[in-house]
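Asker: attaching a predicted model along with its sequence, questions to come.
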Amino acid sequence: MPSPPLTRLQRRIASVNAAAEYAGVSTKTIRRRISDGTITGYRLGPRTLRVDLNELDAALRPIPTVGGGRDDAS
């Protein structure tokens, strides 16, 4: 029996403003991350800039904590 075709993760394209709101940062931070190569910017015409929210999610890193991030106060 043939295996099902591989499906690619759907891109979640958003404006710089929407991406900044989604991540809780400024538009300047999103533009900086595009500039430093952390996330990819996609140009739609001469002025429209978009980013993939999946790339933005992948760029987020957890902060290591001593207690493993759990509150064991009980």
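Answerer: Good, I have the coordinates. Numbers count the residues shown, from 1 in each chain.

Asker: from here on, contacts and neighbour counts on C-alpha atoms
Answerer: Noted.

Asker: for this structure, just list every one of the strands.
Answerer: Under the criterion DSSP state E, the chain contains strands at 13-15, 41-44, 48-52.

Asker: now mean neighbour count and mean pLDDT too, for those, in JSON lines please.
Answerer: Shown next, in JSON lines, are the strands of the chain (neighbours: other Cα atoms under 10 Å; pLDDT from 0 to 100):
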{"stretch": "strand 13-15", "mean neighbour count": "17", "mean pLDDT": "96"}
{"stretch": "strand 41-44", "mean neighbour count": "14", "mean pLDDT": "94"}
{"stretch": "strand 48-52", "mean neighbour count": "17", "mean pLDDT": "96"}
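
Asker: reformat the ones you listed as TSV; add distance to I34.
Answerer: TSV is the format used below for the strands of the chain (distance: least, Cα to Cα, whole Å):
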stretch	distance to I34
strand 13-15	13
strand 41-44	6
strand 48-52	8
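
Asker: for the residue nearest the centre of the chain, what are its contacts?
Answerer: For the chain, the residue sitting closest to the mean C-alpha position, by Cα atoms, centre = their mean, is L56 at 0.8 Å. Residues counted as contacts of L56 (Cα atoms under 8 Å, 6 or more residues apart in numbering) are 19, 23, 39.

Asker: mind putting these in TSV, distance to V66 and pLDDT included?
Answerer: Converted to TSV, the contacts of L56 look like this (distance: Cα to Cα, whole Å; pLDDT from 0 to 100):
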residue	distance to V66	pLDDT
A19	31	97
A23	25	95
I39	29	96
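
Asker: quick one on the thing from earlier: and the residue nearest to the centre of the chain, how close does it get to D36?
Answerer: When distance is defined by Cα to Cα, to the nearest Å, L56 is 13 Å away from D36.

Asker: that concludes my questions; thank you for your assistance.
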